[in-house]
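Asker: How does the following fold in three dimensions:
(chains A and B)
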Amino acid sequence: MKINKIYQNKNIISEMSNFFETENFLQLNQFIEEKEILPIHKKLIKQPFSQNFSPLFHKKQELTLNKITDFEILKFIEYFKSKTFLEYIENITGFNLRLKKTILEKYSHTDYTLLNDLKKTSEESIEVIFDLSENLPQTAGGTRIYLIKEEEIFYLHPTFNTLTIIYRPEELLSFTKYLNCLTKNKFILRLKLNFEIIEEY
Amino acid sequence: MILKNLINENYLTHSFIEKTQKEILTKKPFPHLSLNNFLIQTKAEEIFSLLNTLHYYKQENDLYSFYRTTHFKYIPNPKIQKLISEIFNDKFITYIEKLTNTKLNRNKKEIHSLKFTKTDYLLCHDDKVEGRKIAFIINLSKNWTKHDGGNLELFDINKEKFPNKIKSSIQPQFNQFNLFIVSDISYHQVSEILTDKERISLAGWFYEK
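Answerer: Numbers count the residues shown, from 1 in each chain, chains lettered A, B, ... in the order given. Here you go, the predicted model:
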């Protein structure tokens, strides 16, 4: 996978790392070279995502990763699960990490996630989201909102070909705002990776 | 005000009340009631006009997006206080008790008005708060069609007692009275508004004795 050259420059990585250390959040636009990501996006949207509806928690669609047969999509996912990518994220975050979970999910009109008291609290972790969404108007919903004790900390509005890295302390909660009818036939598509923090460098 | 000057007389007959008492507890997915043309038409129009004079505040979080008034008991407007004493008085509460086979607290009730506009919604929840017994909604949305959204949707539960599938979907109508018994399984939602019309209602809760 060809990452935008800017994000491979050692000085830039060092700047990104400093930014992440203070903000606990980093967003890299145009992360993968366009000529590589466009054909993958085209293939991904044709994949058979299955509905996952649990009314108190979420309504969304997920793609079962072990059922993917398309070589290019597999290669794309393998890159994000690779040692190279793990080390890249470790360099930026300053943590030794272990990949715990990889989900490919899609949200269309009427989809959402909810904060719910019944949800188990999660452990401190690093969340990485690679966004392949079609650009949605902000009024359509779909923004992923992060909060601590009801205070909104940051917003992640779907933006195509953007990598977002988030430090998740235990008390950080998040939800994806209901996608209303202004979504029309567009959707959110994202690869979500959750990394366990083993230790700080 | 006596009930026959407030409520459609068809809903005040002994036979209707008896039939409702028998049927409500077996209603699926959970005990509920939906009565069209519930109030005397002029009273419904009067309430509709009054609600349109109130101030609504936008409420938004992960679960909902809509506009709401302050609880009516905190609105010093004499017309609102008159409305509460005319409708939600002892006689009305006794009537609700009969319909639902419940015993309700005369002194504790919460009443407000909700307004949903295009793209607003209220996702799945159970309304459960300590002591709440009956949730009610008097719909005052005019010229509503099935394409406008805003349905009150009731969920059944799975074996873990979590909401599962929508089993009943009630399309709003002007002067429609909906109520349900609040419980651990009274999961419901209001589907998104898909029209430029406003879905306006008088809603609230009665508490158990």
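Asker: Which residue ranges of chain B form strands?
Answerer: B:32-35, B:57-60, B:64-68, B:104-116, B:121-125, B:132-139, B:152-157, B:163-170, B:176-181, B:188-190, B:199-208 (DSSP state E).
Asker: where's the longest one relative to the chain centroid, distance-wise?
Answerer: In this case it means strand B:104-116. Distance, stretch centre to chain centre, for strand B:104-116: 9 Å (CA atoms, centre = their mean, to the nearest Å).
Asker: And the contacts of it?
Answerer: For strand B:104-116, contacts defined as CB atoms under 8 Å, 6 or more residues apart in numbering or on different chains pick out B:51, B:54, B:56, B:66-73, B:84, B:88, B:90, B:93, B:96-97, B:122, B:131, B:133-134, B:150, B:190, B:193, B:198-209. (C-beta placed from N, C-alpha, C; glycine too.)
Asker: what does chain B put close to chain A?
Answerer: Applying CB under 8 Å from any CB of the partner chain, we find that chain B lies next to chain A at B:62-63, B:65, B:118-119, B:121, B:123-125, B:155, B:162-164, B:187, B:189, B:192, B:194.
Asker: What residues are bridge-paired with B:Leu202?
Answerer: B:Ser113, B:Ile138 (DSSP bridges).
Asker: picking up where we left off before, save the strands of chain B as TSV, and put in mean neighbour count too.
Answerer: Listed next are the strands of chain B as TSV, based on neighbours: other CB atoms under 10 Å in any protein chain shown:
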stretch	mean neighbour count
strand B:32-35	19
strand B:57-60	12
strand B:64-68	19
strand B:104-116	18
strand B:121-125	20
strand B:132-139	22
strand B:152-157	20
strand B:163-170	17
strand B:176-181	22
strand B:188-190	23
strand B:199-208	21
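Asker: Nearest to A:Leu189, out of those?
Answerer: In terms of CB to CB, the element of those nearest to A:Leu189 is strand B:121-125, at 21.9 Å.
Asker: mind checking how far that closest one is from the chain centre?
Answerer: 14 Å.
Asker: What strands flank it, and is each parallel or antiparallel?
Answerer: Using DSSP bridges, the strands paired with strand B:121-125 are strand B:64-68 (antiparallel), strand B:188-190 (antiparallel).
Asker: Would you confirm that B:Asn178 contacts B:Phe136?
Answerer: Yes. Applying CB atoms under 8 Å, one finds B:Asn178 in contact with B:Phe136, separated by 6.8 Å.
Asker: any idea which element the residue nearest the centre of chain A lies in?
Answerer: Taking CA atoms, centre = their mean, the centroid of chain A lies closest to A:Ile129, which sits 1.5 Å from it. Assigned by DSSP states H and E, A:Ile129 belongs to strand A:125-131.
Asker: Neighbouring strands of that strand in the sheet, and parallel or not?
Answerer: strand A:162-168 (antiparallel), strand A:188-200 (antiparallel).
Asker: Now do the buried residues in the longest one.
Answerer: Burial within strand A:188-200, assessed by neighbour count using 16 or more other CB atoms under 10 Å in any protein chain shown, is assigned to A:188-195, A:197.
Asker: and of those, the nearest to chain B?
Answerer: Ranked by distance to chain B (CB to the nearest CB), the buried residues of strand A:188-200 are led by A:Ile188 at 15.6 Å.
Asker: Tell me which residues touch the closest one, please.
Answerer: A:Ile188 makes contact with A:105-108, A:111, A:131, A:133, A:136, A:142, A:158, A:176, A:179, according to CB under 8 Å, 6+ apart.
Asker: Of those residues, which belong to helices?
Answerer: Judged by DSSP state H, the contacts of A:Ile188 include no members of helices.
Asker: and the longest helix for chain A?
Answerer: Using DSSP H to define each element, chain A has its longest helix at helix A:10-23.
Asker: Which positions in that helix come out as buried?
Answerer: Neighbour count says helix A:10-23 has A:16, A:20 buried, by 16+ other CB under 10 Å.
Asker: Parallel or antiparallel, which strands does the helix or strand just after it pair with?
Answerer: For helix A:10-23, the following helix or strand on the C-terminal side (DSSP H and E) is strand A:25-28. Using DSSP bridges, the strands paired with strand A:25-28 are strand A:162-168 (antiparallel).
Asker: Output the partner strand as PDB - backbone C-alpha positions only.
Answerer: Below are the C-alpha coordinates for strand A:162-168, written out as PDB (Å, rounded to 0.1, in the frame of the first residue of the first chain):
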ATOM      1  CA  THR A 162      -8.400   9.900   6.000                       C
ATOM      2  CA  LEU A 163      -6.500   8.100   8.800                       C
ATOM      3  CA  THR A 164      -7.400   9.100  12.300                       C
ATOM      4  CA  ILE A 165      -5.500   8.000  15.400                       C
ATOM      5  CA  ILE A 166      -7.100   8.400  18.800                       C
ATOM      6  CA  TYR A 167      -5.800   7.700  22.300                       C
ATOM      7  CA  ARG A 168      -8.700   6.200  24.200                       C
END
